[in-house]
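A.B. asks: mind folding the following:
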Amino acid sequence: MLAFTDALTLYKVHLLQLRTSYDALTGLPLRRILDESFGSMNKELGASGLYLLLLDIDHFKKVNDNYGHLNGDIVLRSLALNISNNIRRSESMYRYGGEEFIVLLHATHDDEAVIIAERLRRDIARLETIAGEHIIRITFTGGLTRIHQGEVLREVLERADIALYTGKKSGRNCTQLINRDLETQKFCD
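C.D. replies: Numbers count the residues shown, from 1 in each chain. So this is what the prediction gives:
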């Protein structure tokens, strides 16, 4: 009986960890998982080319205001599913918070990373999400930066955040690439 109680307790702890590690709405891992795994991913993959794309849905508040929060939830799930299905198995996506997401991309150089980020951005812009009686289309703005070996997540996120807000200030629906010197380049159709 004691072994059964111990096993049940371990199972409950495991379920609690899952609950605090994955977003219930989108099924994506939360920032906590990225925080815990970033160092080892950087050490393992950093030399071969790893990029972080921080993306934010453009004008998402309008989606909630115009269509309701439940339909906004459908849009968030649709975006998460679409991007997750269109990245490589070795790449990963995380719910960062609200309408912000992080995608870790494998690319050997900036041009390749921009091509991947732009493909994802265009795919989302073409996507029509059916939410009740509504057909909702969204776009996102992305801040893209290379992850350098040995770099801590905070530094990478700060840089990607600068790029993201530069993109939002310059018209949205774009990918803004930023380097270590904080020089940015805008890419969009």
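A.B. asks: from here on, contacts and neighbour counts on C-alpha atoms
C.D. replies: Noted.
A.B. asks: which SS class is the residue most central in space within the chain?
C.D. replies: When Cα atoms, centre = their mean is applied to the chain, the residue found nearest the centroid is residue 102 (2.2 Å). Secondary structure, DSSP: H, G, I helix; E, B strand; the rest coil: residue 102 is strand.
A.B. asks: the closest residue to it other than its chain neighbours: neighbouring residues, count only.
C.D. replies: Spatial nearest neighbour of residue 102, excluding adjacent residues (Cα to Cα, 6 or more residues apart in numbering): residue 54 at 4.6 Å. Residues lying near residue 54 (other Cα atoms under 10 Å) number 28.
A.B. asks: tell me what residue 54 is bridged to.
C.D. replies: Residue 54 has these beta-bridge partners by DSSP bridges: residue 102, residue 143.
A.B. asks: correct me, but it touches residue 105?
C.D. replies: No - using Cα atoms under 8 Å, residue 54 and residue 105 do not qualify as a contacting pair, with a distance of 10.9 Å.
A.B. asks: now stretch 61-77: buried residues?
C.D. replies: Neighbour-count burial for stretch 61-77 flags 63, 67, 71-77 (criterion: 16 or more other Cα atoms under 10 Å).
A.B. asks: can you check stretch 154-171 too?
C.D. replies: Counting neighbours by 16+ other Cα under 10 Å, one finds that the buried residues in stretch 154-171 are 156-157, 159-168.
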